[in-house]
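# Got a predicted model here, sequence first, then my questions.
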Amino acid sequence: MTDTVYLNGEFLPIDQARVSVLDRGFIFGDGVYEVIPVYSRRPFRLPEHLARLQHSFDAIRLGNPMPDAEWTRLIHDLVGRHTGEDQSVYLQVTRGVAKRDHAFPKESKPTVFMMSGPLVPPSKELVENGVPCITATDYRWLKCDVKSISLLGNCLLRQSAADAGAAEVVLFRDGYLTEASASNVFVVSDGRLLAPPKNHLILPGITYDVVLELARACGIPVELREVTEQEVRSADEIWVTSSTKEVLAVTTLDGKTVGSGRPGEVFRVVHQEYQEYKRRVMRQAA
Ligand SMILES: Cc1ncc(COP(=O)(O)O)c(C=O)c1O
């Protein structure tokens, strides 16, 4: 059985989905995307994902091809065509097909593509033992708040982590923490949770928001401010967060032990809260 995907107005098997080689997504990486986790067949924080998608459209001066109500209907339709209870919906919109020219075409129709695959949460082993990470200089562009399909910088950085047998690469720009190649990064220092504020240097993670809400609700002191490389390297705990990783503890950084070398106390509290929050939200949506 081949997977059903959505392309430009129709649902079809993935092996029949075709896009022109002149699509600006293929030629220039000129497009934006979203990844939406689906639990018990219900998209998680969909309005927030659609708001971030709108932010990406605005940033690249591309009109949103449909209202949120239509996105919502199509995403539910796609989820319904797959068997898994937990899924990961990937959607991307490019500036469409046009003669190759860097400047935008006067007229073009955006290419809209969506697919869904199984969402596999991190294993118990990863949650209980944490993951190794390396560090690197953040050499990406200065619009990291845009969820652009031009991911070459992120791919190169992520591959450096893969080459080192690490789960992620924690990035520093000018001596300050930004994020990781496909995750946001949090640090615990003296019982306080530190994270860089949302700006053009990081992707405004949906999981980042959830983690901050849960931490504040638990009474954990939160500081959103620039975090120095030194603070990261001497932190008691480091976490990476994303829709697919949820919250994971980093237990070694560049081969050096983080804190006790085990996922920390604050991590355990927030990870547990995250699992309960997911269950609560899914029950409410039922
Ligand atoms: C560069 C980057 N930062 C942060 C994140 C985390 O975002 P979210 O929590 O919305 O998945 C991602 C997710 O893919 C990402 O690619």
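Cool, got the structure.
# so does the strand or helix carrying residue 47 get close to the ligand?
According to DSSP states H and E, residue 47 maps onto helix 46-59. No: Helix 46-59 does not reach the ligand (C-beta under 6 Å from any ligand atom); its nearest approach is 7.3 Å. Backbone N, C-alpha and C define where each C-beta goes, glycine included.
# what sits up against that helix?
32-34, 36, 43, 63-64, 68, 71-72, 75, 91, 93, 143, 145-148, 204, 206, 209 (C-beta atoms under 8 Å, 6 or more residues apart in numbering).
# Quick check, pLDDT for residue 16.
We have a pLDDT of 97 for residue 16.
# just the one 4 residues further on next, same as before
The predicted structure scores residue 20 at 98 on the pLDDT scale.
# which ones are touching it?
26, 97.
# three-state assignment of residue 92?
strand (DSSP: H, G, I helix; E, B strand; the rest coil).
# Apart from its neighbours in sequence, what residue is nearest it?
Computed as C-beta to C-beta, 6 or more residues apart in numbering, the closest residue to residue 92 that is not its neighbour in sequence is residue 33, at 4.0 Å.
# correct me, but that neighbour touches residue 90?
Yes: with contacts counted by C-beta atoms under 8 Å, residue 33 reaches residue 90, the gap being 6.7 Å.
# got a list of what the residue nearest to residue 204 when sequence neighbours are not counted touches?
Spatially, and ignoring its direct neighbours in sequence, residue 204 is nearest to residue 198 (4.6 Å; C-beta to C-beta, 6+ apart). For residue 198, the contact set (C-beta under 8 Å, 6+ apart) comprises 145, 204, 208.
# Which one of these sits in the busiest neighbourhood?
residue 208 (22 neighbours; other C-beta atoms under 10 Å).
# on that earlier part again, which ones are touching the residue nearest to residue 92?
Contacts of residue 33 (C-beta under 8 Å, 6+ apart): 56, 90-93, 147-149.
# The same query, at a cut-off of 7 Å, please.
By C-beta atoms under 7 Å, 6 or more residues apart in numbering, the contact set of residue 33 is 90-92, 147, 149.
# I'd like to know which of the residues you listed is nearest to the ligand.
residue 147 (7.3 Å; C-beta to the nearest ligand atom).
# Tell me how many other residues crowd that closest one.
Quick note: residue 147 (other C-beta under 10 Å) scores 21 neighbours.
# No more questions from me, cheers.
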